[in-house]
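Asks: One predicted model, sequence on top.
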Amino acid sequence: EDVPSQTFDNKDYFCGKETFPVYESVFTEEGETIRKIAIEIEKPPQIEIHVWTIRKGILRHLYVEKLSKREFEGLPYFKLITRTTLSQWKIFSEGEAQISQMCESRVCRTELEDLVKVLYLEKSEKGHC
């Protein structure tokens, strides 16, 4: 039997794995770039936001905050960039921890960009899961 690959019960699936929306917000203030990557998780229903403060390409500060969906909806500037699986989010979080140590004293623009790319899922050909 063919299982519909588009949506199932209003959720997107990728090779049988549930995906979650990922949002991004980037703005600059006082010479610093504040980049926020957020994922919407259903259980418990919340938004996890990873906040990076970057000055001259060096990651100066990194922290994670958790908000309710209602609090998140009131925030400006976030745009949906992709959907990802929890396993890809885990890879992203682990990579972020490594980069935060590695990039305290050197420029890490490419490392940060590559880390965000981890969240984008490759569209698989049917039957190649």
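Replies: Nice, I can see it.
Asks: How about the host helix or strand of V51, which residues are buried there?
Replies: Assigned by DSSP states H and E, V51 belongs to strand 46-55. By neighbour count on 16 or more other C-beta atoms under 10 Å, the buried set for strand 46-55 is Q46, I47, E48, I49, H50, W52, I54. Yep, even glycine has a C-beta here, placed from its N, CA and C like the rest.
Asks: Which SSE is immediately downstream of that strand?
Replies: Assignment by DSSP H and E places the next element after strand 46-55 at strand 58-67.
Asks: Sheet partners, orientation included, of that following strand?
Replies: In its sheet, strand 58-67 lies beside strand 46-55 (antiparallel), with partners assigned from DSSP bridges.
Asks: What's the mean pLDDT across the partner strand?
Replies: For strand 46-55, mean pLDDT is 94.
Asks: Longest helix in the chain, by number of residues?
Replies: helix 86-102 (DSSP state H).
Asks: what's the angle between the next helix or strand along the chain from that one and helix 86-102?
Replies: Sequence-wise, the next helix or strand downstream of helix 86-102 (DSSP H and E) is helix 109-117. Calculated by axes from the mean of the first three to the mean of the last three C-alpha atoms, to 10 degrees, helix 109-117 forms an angle of 160 degrees with helix 86-102.
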